[in-house]
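Undergrad: Sequence plus predicted model, see below.
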Amino acid sequence: MPERSSPHPTVILTAEKVERRFGGFTAVDVDHLDIHRGEITALIGPNGAGKTTLFNLLTGFDRPDAGQWTFDGHPLAGVAPHKVARLGMVRTFQLTKVLSRLTVLENMRIAAPGQLGERLWTAPFSALWKRGEKENTSRARALLARFLLDDKRDELAGSLSGGQRKLLEMARALMVEPRMVMLDEPMAGVNPALKQSLLGHIVSLRDDGVSVLFVEHDMDMVHEISDRVVVMAQGRVIAEGTAREVTNDERVVGAYLGERFGSDLGETASALSGEGGGR
Ligand SMILES: Nc1ncnc2c1ncn2[C@@H]1O[C@H](COP(=O)(O)OP(=O)(O)OP(=O)(O)O)[C@@H](O)[C@H]1O
């Protein structure tokens with residue numbers, strides 16, 4: 001549906017020859033990857049394709065065996081996650097048990113930049129620190145209002161529904177005012193009623209100028225909001241293009257049909273082919 005990818009996009013993230021091996025097994029072997037600025041990019045692929053491992057590498061949560069990548073001109077290989085976030089690239093995380101025992105507002109406040117970091121050491125209890133805390137709280141409240149969670153602010157995060165948790169994960173990521181957000185399966189465990197609202201929030205991020213990269217198995221979502229789709233299989237990028245282009249790509253259909261479970265891409269491709277009068 002959207003297919004609004006610009007013919008002359010600028011690149012916000014570019015990766016070269018990124019490799020991650022676990023023992024003798026190569027989980028990621030990406031020769032080249034560009035993510036376009038201001039677009040919604042879906043990263044899809046069968047189970048075990050290396051999508052999450054690539055996310056972890058790009059955001060500093062894992063170390064590559066080889067490779068380089070730059071975000072907005074900053075070389076990032078070997079840079080720690082909190083520094084990556086400070087440069088403007090954040091990823092969402094599923095709420096852990098520990099975070100579930102904190103309130104919604106506490107979850108937001110600890111996601112603020114510099115929290116538990118240098119600010120706390122150099123200026124505890126100072127006026128500067130208090131001002132920072134006040135700013136963090138008002139930013140957190142504004143984001144919670146945007147995601148319709150403000151009336152839940154004093155409730156434990158663990159008491160939220162699956163969809164509300166996803167909204168909180170996204171709101172938390174925005175505490176650092178990122179230029180790029182990486183979402184890991186944003187639709188997993190979300191009921192259909194909240195799905196549209198979540199999609200709307202992702203589109204509104206793009207409309208605010210934030211680049212979005214998301215991993216997802218839900219092909220309806222991929223078709224509905226992606227400007228561009230990158231397909232991985234066996235650690236490599238095997239295809240790139242609009243959702244329609246990649247679902248009609250034989251290499252992509254082959255990669256999915258090769259596995260028994262996972263995505264509905266095979267069905268989607270057949271449906272698309274049917275629309276187009278058969279293949
Ligand atoms: N820490 C690890 N140690 C050993 N093997 C790992 C490790 N992390 C990932 N792998 C392997 O790397 C491969 C890629 O895994 P990854 O989780 O990145 O795939 P994925 O595309 O995200 O899959 P899914 O869609 O199922 O989440 C898999 O075969 C996985 O078993």
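TA: Nice, thanks for sending it over. Note that this is a predicted model, so its numbers are computed, not measured.
Undergrad: Going by C-alpha atoms from here, please, whenever you check contacts or count neighbours.
TA: Will do.
Undergrad: how about the residues of this protein that lie near the ligand?
TA: Counting by Cα under 6 Å from any ligand atom, the residues of the chain lying close to the ligand are 22, 27, 46-53.
Undergrad: Out of the residues you listed, who's the most crowded?
TA: Per-residue neighbour counts (other Cα atoms under 10 Å) across these peak at K51, which has 27 neighbours.
Undergrad: Tell me who's in contact with that residue.
TA: When the contact criterion is Cα atoms under 8 Å, 6 or more residues apart in numbering, the partners of K51 are 43-45, 215, 232, 235.
Undergrad: That one and R101: what is the separation?
TA: 29 Å (Cα to Cα, to the nearest Å).
Undergrad: Now the element after the strand or helix carrying V98, going C-ward?
TA: For V98, the element it lies in under DSSP states H and E is helix 97-100. Helices and strands here follow DSSP H and E; after helix 97-100, the next one along the chain is helix 104-110.
Undergrad: Can you tell me what sits against that next one?
TA: Contact partners of helix 104-110, identified using Cα under 8 Å, 6+ apart, comprise 99, 115-116, 136-137, 140-141, 152-157, 168, 171-172, 175.
Undergrad: and the chain, what are its domains?
TA: Using automatic domain parsing, the domain parsing of the chain gives 12-88+179-241, 94-177.
Undergrad: Please identify the most buried of those domains.
TA: domain 12-88+179-241 (a mean of 19; mean count of other Cα atoms under 10 Å).
Undergrad: possible to save the domains of the chain as CSV with mean pLDDT?
TA: Converted to CSV, the domains of the chain look like this (pLDDT from 0 to 100):
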stretch, mean pLDDT
domain 12-88+179-241, 93
domain 94-177, 83
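Undergrad: Let me have those domains in a markdown table, extended by distance to D249.
TA: Supplementary listing: those in a markdown table, determined by distance: least, Cα to Cα, whole Å:
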| stretch | distance to D249 |
| --- | --- |
| domain 12-88+179-241 | 8 |
| domain 94-177 | 31 |
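Undergrad: partners of E16 in the sheet?
TA: Here E16 sits in beta bridges with H32, Q68, as judged by DSSP bridges.
Undergrad: ok so, going back, which ones among the residues of the chain next to the ligand map onto helices?
TA: Within the residues of the chain next to the ligand, residues falling in helices by DSSP state H are 51-53.
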